[in-house]
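Asker: Predicted model and sequence below, questions to follow.
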Amino acid sequence: MRFAKGHGTGNDFVILPDPDGQLDPSADLVARLCDRRFGVGGDGVLRVVRTKAARTEVDGGQEAPEWFMDYRNADGSVAEMCGNGVRVFVRYLLDYGLASGPELAVATRAGLRRVREEADGQLTVDMGGAQVTGEGSVELGGQRLDGLAISVGNPHLACVTDRPLREIDISAPRLLAADSPAGGVNVEIVRITGEQEAEMRVHERGSGVTLSCGTGTVAAAVAAAVSAGDWQAGRERPWTVHVPGGTLAVTPSVTASLLTGPAEIVARGELTSAWLTRASERAVMA
């Protein structure tokens with residue numbers, strides 16, 4: 001089984017090229033691939049498969065694009081969308097001649113995502129509309145933080161705080177709302193650091209604390225825009241969002257949120273048959 005490794009601002013992924021849909025990775029195999037000691041290591045898995053071979057219903061009709069991003073979290077659970085992941089996905093397609101740029105569309109479980117390669121090599125994704133769906137609260141390290149429930153094709157709880165983010169333990173968030181979505185939500189803590197500038201830390205459902213989260217930076221920018229009064233006034237202004245793995249540019253919008261950042265393919269390789277056999281045996285024993 002061939003694989004590649006890539007990252008977007010430190011949010012790293014194992015890439016499984018499967019153009020003809022011959023692979024059906026189990027949740028256990030995905031989790032073992034993402035294991036940083038016994039596997040390749042990553043925050044998730046990107047399976048690169050043609051839409052017609054994906055055996056997944058894609059909303060797009062006759063305009064359904066050629067490629068489908070089958071994204072799985074590090075624990076093997078299926079996810080709707082990954083903003084850093086879709087940039088890495090497109091970088092893989094472009095670098096290895098599977099698609100031509102500078103613009104192309106990718107099918108995801110959250111709908112179509114259009115991606116453009118910029119002159120400096122960064123990639124801009126139209127993440128679709130972001131929605132503030134309500135309010136919520138979370139317990140982090142024994143303290144309660146209130147935030148906004150935000151959908152970016154997947155669920156988030158973004159909490160704006162004045163405290164230095166390094167002082168807040170986000171390793172084990174406990175949602176305090178009784179009606180939390182099945183599977184949980186991604187939790188972001190956000191601190192506004194300047195004019196149209198913020199920093200963010202994230203705990204991703206199914207992956208834990210990561211160095212970056214593309215959809216999370218959009219949610220963070222929405223929460224910051226609400227705090228600044230832009231969201232209520234309908235002003236769509238760009239925000240610079242700093243994460244531990246780098247910096248992303250976000251223009252939050254109710255119709256077409258834009259996310260711009262780098263994506264890099266680090267390596268390609270091949271999983272050994274012995275490792276795959278042991279992984280299969282462990283899955284059976286489990």
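Answerer: Cool, the structure landed. Since this is a predicted model, take the numbers as computed values, not measurements.

Asker: make it CA atoms for all contacts and neighbour counts henceforth
Answerer: OK.

Asker: Residue 3 is in contact with residue 16, isn't it?
Answerer: Yes - counting by CA atoms under 8 Å, residue 16 is a contact partner of residue 3 at 4.8 Å.

Asker: What is the neighbour count of residue 95?
Answerer: 12 (other CA atoms under 10 Å).

Asker: if I pick it, what's in contact with it?
Answerer: Residues near residue 95 by CA atoms under 8 Å, 6 or more residues apart in numbering: none.

Asker: now it: how far from residue 225?
Answerer: Computed as CA to CA, to the nearest Å, the residue 95 to residue 225 distance reads 35 Å.

Asker: Equivalent analysis for residue 4, please.
Answerer: Taking CA to CA, one finds residue 4 at 37 Å from residue 225.

Asker: Which residue of those two possesses the greater neighbour count?
Answerer: Counted by other CA under 10 Å, residue 4 and residue 225 do not tie: residue 225 has more neighbours, with 25 against 18.

Asker: Checking the more buried one next. Helix, strand or coil?
Answerer: helix (DSSP: H, G, I helix; E, B strand; the rest coil).

Asker: Quick check: it vs residue 243, distance?
Answerer: From residue 225 to residue 243 the distance is 17 Å (CA to CA).

Asker: Check residue 145 too.
Answerer: Residue 145 is 19 Å from residue 243, by CA to CA.

Asker: Between these two, tell me which one has more neighbours.
Answerer: residue 243 (22 against 17).

Asker: and residue 49, how many neighbours?
Answerer: For residue 49, the neighbour count with other CA under 10 Å is 23.

Asker: Tell me which helix or strand it sits in.
Answerer: For residue 49, the element it lies in under DSSP states H and E is strand 44-50.

Asker: neighbouring strands for that strand, and are they parallel or not?
Answerer: Neighbouring strands of strand 44-50 in its sheet, by DSSP bridges, are strand 11-17 (parallel), strand 67-73 (antiparallel).

Asker: Now do the last one, average pLDDT.
Answerer: In this model, strand 67-73 carries a mean pLDDT of 96.

Asker: got the CA coordinates for that strand in PDB?
Answerer: What follows is strand 67-73, C-alpha atoms only, in PDB (Å, rounded to 0.1, in the frame of the first residue of the first chain):
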ATOM      1  CA  TRP A  67     -11.700  13.900  -7.100                       C
ATOM      2  CA  PHE A  68     -13.200  13.100  -3.700                       C
ATOM      3  CA  MET A  69     -11.500  13.800  -0.400                       C
ATOM      4  CA  ASP A  70     -12.300  10.900   1.900                       C
ATOM      5  CA  TYR A  71     -11.100  12.300   5.200                       C
ATOM      6  CA  ARG A  72     -10.800  10.300   8.500                       C
ATOM      7  CA  ASN A  73      -9.800  11.600  11.900                       C
END
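
Asker: Next secondary structure after it?
Answerer: helix 83-95.

Asker: what angle separates that following helix from strand 11-17?
Answerer: 40 degrees (axes from the mean of the first three to the mean of the last three CA atoms, to 10 degrees).

Asker: Hmm, residue 49 is touching residue 15, no?
Answerer: No - in this structure, residue 49 is not within contact of residue 15 by CA under 8 Å, at 10.7 Å.

Asker: and the nearest residue to residue 29 once chain neighbours are set aside, helix, strand or coil?
Answerer: Excluding its sequence neighbours, the residue lying closest to residue 29 (CA to CA, 6 or more residues apart in numbering) is residue 279, at 6.8 Å. Here residue 279 is recorded as helix under three-state DSSP.

Asker: tell me which residues in the lowest-mean-pLDDT helix or strand in the chain are buried?
Answerer: In the chain, no helix or strand scores lower on mean pLDDT, DSSP states H and E than helix 273-285, which sits at a mean of 79. Within helix 273-285, the residues that count as buried by 16 or more other CA atoms under 10 Å are 279-280.
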